[in-house]
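# sequence first, then the predicted structure:
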Amino acid sequence: MLKFPTLTAGFLLTLFSGFTPATRVATGPKAAPATATTKPDVARLASAPPLLNPAERTSYLAAFEQHVARTYIRAGLTAAALPLPVYRQALLGFYNLQQQGRIGAGCHTLSIADFSQSSNRERLWVVDVAAGRLLHHTLVAHGKNTGEEYARSFSNVEGSEKSSLGFYVTGPTYQGKHGLSLRLRGVDAGYNTNAQSRSIVVHGADYVSQDFVSRHGRLGRSQGCPALPAAESAAIIRTIKGGSVLYIHGPSEVSYRSSLLELDAALLAFAREQQGLPSRAG
């Protein structure tokens, strides 16, 4: 069973009690009732469906919330203005993708673009979620038809020139008209699965800069790509290429209910990682 200090765990459970997953798994066998001596079955982690009994859920959830808070603080994400609920949501998707075998257990890199914030702010963070280390923090553009300074409207439709919400897995790099660029695979059904056919990629652009903001009052906009400052893009692309996770978060008024935010599956993958068990992709 995962270990955690009782007082810290109790505090974290209280802190996060207001957060609920967007979806729940409603199928599968009825969970066994919890008892004082119930312990998680470690062997079951490698093969069982994403459904936890009450004792497992309590133990894993407390350890997960502790991990969220610890890495958030260690990475200095408060000072970097990444909202804690957005970071937690991104981690839920990260571990769901790990549970589904779409990323390997060796992946510890999570990129978060918070499109609920002004485009004039540095609203992209790249975090090592194992070490709790902020690797990059910079500007990122949204699509020209998504909004002016603020992102308002999103689409998965080809030709919309809008950004798409949700989770992506990074692919290989290539040399394009913007120099070193990074292919993205949208893995969030109903939100971004047309990313490849739309040529939604990570690339650098001259219109993503503080100088552009000073001249125009807002950041420049892309054709739907999460474009980065030209001077920083190559370093960021090399950090996140080849199978890491990107999460694009939207404003609260835009509906986003993803199966990749399912709690039990994320907790199961997190527990497997903490206990050193191979991932489903391994």
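Looks like it came in fine. These numbers were taken from a predicted model, which means no experiment stands behind them. Numbers count the residues shown, from 1 in each chain.

# starting at the chain centroid, how far to stretch 215-231?
21 Å (Cα atoms, centre = their mean, to the nearest Å).

# which parts of that stretch are buried?
Residues of stretch 215-231 classed as buried: 218-230 (neighbour count, 16 or more other Cβ atoms under 10 Å). From N, CA and C alone the C-beta is placed, and that goes for glycine too.

# so the residue nearest to residue 194 when sequence neighbours are not counted, which of the three states?
If the residues on either side of it in the chain are set aside, residue 194 comes closest to residue 156, at 5.0 Å by Cβ to Cβ, 6 or more residues apart in numbering. In three-state terms, and counting by DSSP: H, G, I helix; E, B strand; the rest coil, residue 156 is coil.

# show me the contacts for residue 156.
Residues near residue 156 by Cβ atoms under 8 Å, 6 or more residues apart in numbering: 164, 186, 190-194.

# so what's residue 60 closest to, chain neighbours aside?
Per Cβ to Cβ, 6+ apart, closest to residue 60 is residue 267, 4.1 Å.

# surely residue 185 is within a strand?
Yes - with three-state DSSP as the criterion, residue 185 is located in a strand.

# angles on the backbone of the closest residue to it other than its chain neighbours, please.
Leaving aside its sequence neighbours, residue 185 sits nearest to residue 169 (Cβ to Cβ, 6+ apart; 4.9 Å). For residue 169, the backbone dihedrals are phi -110, psi 130 (criterion: degrees, to the nearest 10).

# isn't residue 169 right up against residue 241?
No - contact criterion Cβ atoms under 8 Å: residue 169 and residue 241 do not qualify, at 10.9 Å.

# related to what we said a few turns ago, quick one: the residue nearest to residue 185 and residue 188, what's the gap?
Look at residue 169 and residue 188: by Cβ to Cβ, to the nearest Å, they are 10 Å apart.

# neighbour count: those two, which is higher?
The neighbour count for residue 169 versus residue 188, taken as other Cβ atoms under 10 Å, is higher for residue 188 (23 against 19).

# ok, that one touching residue 257?
No - using Cβ under 8 Å, residue 188 makes no contact with residue 257, being 10.6 Å away.

# can you pull the contacts of the residue nearest the centre of the chain?
Against the mean C-alpha coordinate of the chain, by Cα atoms, centre = their mean, the closest residue is residue 90 at 3.0 Å. The contact partners of residue 90, by Cβ under 8 Å, 6+ apart, come to 110, 112, 245, 247, 249.

# export the helix or strand containing residue 214 as CSV, just CAs?
Here residue 214 sits within helix 210-216, counting by DSSP states H and E. This file holds the C-alpha atoms of helix 210-216, laid out as CSV (Å, rounded to 0.1, in the frame of the first residue of the first chain):
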residue,chain,number,x,y,z
GLN,A,210,6.5,40.6,-26.1
ASP,A,211,7.5,43.0,-28.8
PHE,A,212,4.3,42.0,-30.8
VAL,A,213,2.2,42.5,-27.7
SER,A,214,3.7,45.9,-27.1
ARG,A,215,2.9,47.0,-30.7
HIS,A,216,-0.5,45.4,-31.1
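
# tell me the buried residues in that helix?
212-213.

# mind showing which ranges of the stretch 151-282 of the chain have poor pLDDT?
278-282 (pLDDT under 70).

# all helices for it, in order.
Residue ranges of the helices in the stretch 151-282 of the chain, as given by DSSP state H, counting those that start in this stretch, are 210-216, 230-240, 263-274.

# starting at the chain centroid, how far to the shortest one?
When C-alpha coordinates are averaged (Cα atoms, centre = their mean), helix 210-216 and its chain have centres 29 Å apart.

# now the longest one
Taking Cα atoms, centre = their mean, one finds helix 263-274 lying 15 Å from the centre of the chain it belongs to.

# for residue 166, which residues count as its bridge partners?
Here residue 166 sits in beta bridges with residue 248, going by DSSP bridges.

# contacting residues for it?
Applying Cβ under 8 Å, 6+ apart, the residues near residue 166 are 93, 186-188, 191-192, 247-248, 256, 258, 260.

# now, among those, which is nearest to residue 212?
Nearest to residue 212 out of the contacts of residue 166 is residue 248 (Cβ to Cβ; 20.8 Å).
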